[in-house]
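# Provided below for reference: sequence and predicted model.
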Amino acid sequence: MDHTLLIPIILIAVTIDILFGELPSNIHPVVLMGKIIEYFNNFKEKHSSLDSRLAGVILTIFLILTISGIFGLIIWFFRFNYLFLILISSLLLSTTFSIKLLLTSADNVKADLNHDLIKARKSLSYLVSRDTSQLSQENIISAVIETLTENITDSVVSPIFYTFILGIIGGISYRVVNTLDAMIGYKNPKNINIGWFPAKLDDVLNYLPARITGILIVVASIIVKLDWKNAYKIMIRDAKNTPSPNSGYPMSAAAGALGIQLTKPGYYRLGDNINHLKSETITETILLAKITIILFLIISNSLFFLLLILLS
């Protein structure tokens, strides 16, 4: 594909996601990936020899080749017309983002929190993997802010980053790895072996994007008149407190900007308890996330455009 088409494809794909959100589940590629992973897990339980790191490598490579191959064939089929090529490529690429879902889900938890704590816990359970049934109001707010800021990397920055580097297939391949990590990452005894490779690969792929996201959150905090100096200080100080080598960067930068402390009991603590966690803090974080995403889109597309000019 002509690299000059990537900028309009990315911008249209982001617009599609913001306006319409996720594709219907019966045609969403992430749902297809989930079904393949579920089938593999059921097959693995009957064949213990498959519960190994090598099986995780095979599953990861198989899914990348399968999903990217399907997407590649669809894009190739529409190569005869630039307009169709851009529209179809944009639609396919939009499946690697979750901007609307991420922002609206956070806002929904905030709305529920103002009326019904139990309902807010239920809404949060769709966003995070931790047990939400006993969380306090402060714990819920912290969890929303953590997942919102962490997922700026997973749901926006990383897929676009790899699309610029490797084309549409790069963005798709990243989403495959990220989905595998979310579904079978080695964070529990059941997946300690098979989930090792996709989890480690996801860490490698998110290494630069997570740090870019953290820096952009610091810059975004200037625009929304939050404490950017503290955002930078806390990011440098606390980013490595999380078990993940990457998620701490955007989360700690946001904690510093907002002057709050984000806590996942037994796992990490980020930031200082300067301001109390309130439902309005979620609204501030949503605005911070929006500005961060806009900044990334402007900067990344501009740099890519300049690179194309220099190489032409």
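That came through fine.
# Surely Asp181 is in contact with Trp196?
No. In this structure Asp181 lies outside contact range of Trp196 using C-beta atoms under 8 Å: 10.4 Å. From N, CA and C alone the C-beta is placed, and that goes for glycine too.
# In terms of neighbours, single out the busier of the two.
Higher neighbour count among Asp181 and Trp196: Asp181, with 24 against 17, using other C-beta atoms under 10 Å.
# burial measure for Leu311, as a count.
Neighbour number of Leu311 under other C-beta under 10 Å is 7.
# Likewise for Thr153?
Neighbours of Thr153 using other C-beta under 10 Å come to 28.
# got a list of what it touches?
Counting by C-beta atoms under 8 Å, 6 or more residues apart in numbering, Thr153 touches Asn206, Pro209, Ala210, Thr213, Asn246, Ser247, Tyr249, Pro250.
# in the helix or strand bottoming out on mean pLDDT in the chain, what counts as buried?
Ranking every helix and strand in the chain by mean pLDDT, DSSP states H and E puts helix 29-46 at the bottom, with a mean of 74. By 16 or more other C-beta atoms under 10 Å, the buried positions in helix 29-46 come out as Pro29, Val30, Val31, Leu32, Met33, Gly34, Ile36, Ile37, Phe40, Asn41, Lys44.
# try stretch 224-238
Using 16+ other C-beta under 10 Å as the test for burial, stretch 224-238 gives Leu226, Asp227, Trp228, Asn230, Ala231, Tyr232, Lys233, Ile234, Met235, Asp238.
# follow-up on the earlier one: contacting residues around the least confident helix or strand of the chain?
Here helix 29-46 makes contact (C-beta under 8 Å, 6+ apart) with 25, 50-51, 55, 59, 63, 66-67, 70-71, 95, 172, 175-176, 179-180, 183-184, 194.
# distance between that helix and the chain's centre?
Using C-alpha atoms, centre = their mean, to the nearest Å, the mean C-alpha position of helix 29-46 is found 21 Å from that of the whole chain.
# State the mean pLDDT of the strand or helix carrying Leu180.
Using DSSP states H and E, Leu180 maps to helix 168-184. The predicted model assigns helix 168-184 a mean pLDDT of 91.
# just the angle between it and helix 29-46, please?
Orientation of helix 168-184 against helix 29-46 (axes from the mean of the first three to the mean of the last three C-alpha atoms, to 10 degrees) gives an angle of 50 degrees.
# which secondary structure elements does helix 168-184 contact?
Counting contacts by 3 or more C-beta pairs under 8 Å, 6 or more residues apart in numbering; DSSP states H and E, helix 168-184 packs against helix 29-46, helix 53-77, helix 82-94, helix 158-166, helix 196-223.
# what does the shortest one contact?
Under the criterion C-beta under 8 Å, 6+ apart, residues 6, 10, 93, 96-97, 170-171, 173-175, 178, 205-206, 208-209, 212, 296-297, 300, 304 lie in contact with helix 158-166.
# now the longest helix along the chain against helix 196-223, angle please.
Counting by DSSP state H, the longest helix found in the chain is helix 279-311. Computed with the same axes, to 10 degrees, the direction of helix 279-311 lies at 100 degrees from that of helix 196-223.
# who does helix 279-311 touch, helix- and strand-wise?
helix 6-20, helix 99-113, helix 137-152, helix 158-166, helix 196-223, helix 248-258.
# Pull out the CA atoms of stretch 210-226 and give them to me as CSV.
Extracted in CSV, the C-alpha atoms of stretch 210-226 (Å, rounded to 0.1, in the frame of the first residue of the first chain):
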residue,chain,number,x,y,z
ALA,A,210,3.7,3.7,26.9
ARG,A,211,6.6,6.2,27.4
ILE,A,212,5.3,8.4,24.6
THR,A,213,1.9,8.4,26.2
GLY,A,214,3.3,9.3,29.6
ILE,A,215,5.2,12.3,28.1
LEU,A,216,2.1,13.4,26.1
ILE,A,217,0.0,13.3,29.3
VAL,A,218,2.5,15.7,30.9
VAL,A,219,2.2,18.0,27.9
ALA,A,220,-1.6,17.6,27.9
SER,A,221,-1.7,18.6,31.5
ILE,A,222,-0.3,22.0,30.6
ILE,A,223,-3.1,22.6,28.1
VAL,A,224,-5.9,21.6,30.6
LYS,A,225,-4.1,23.7,33.4
LEU,A,226,-3.2,20.8,35.6
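# low-scoring stretches of this protein, by residue?
Within the chain, the ranges that satisfy pLDDT under 70 run 1, 27, 43-51, 186-188.
# If we ignore the residues flanking it in sequence, what's nearest the residue nearest the centre of it?
What sits nearest the mean C-alpha location of the chain, by C-alpha atoms, centre = their mean, is Asp154, with 1.9 Å. Leaving aside its sequence neighbours, Asp154 sits nearest to Asn178 (C-beta to C-beta, 6 or more residues apart in numbering; 5.6 Å).
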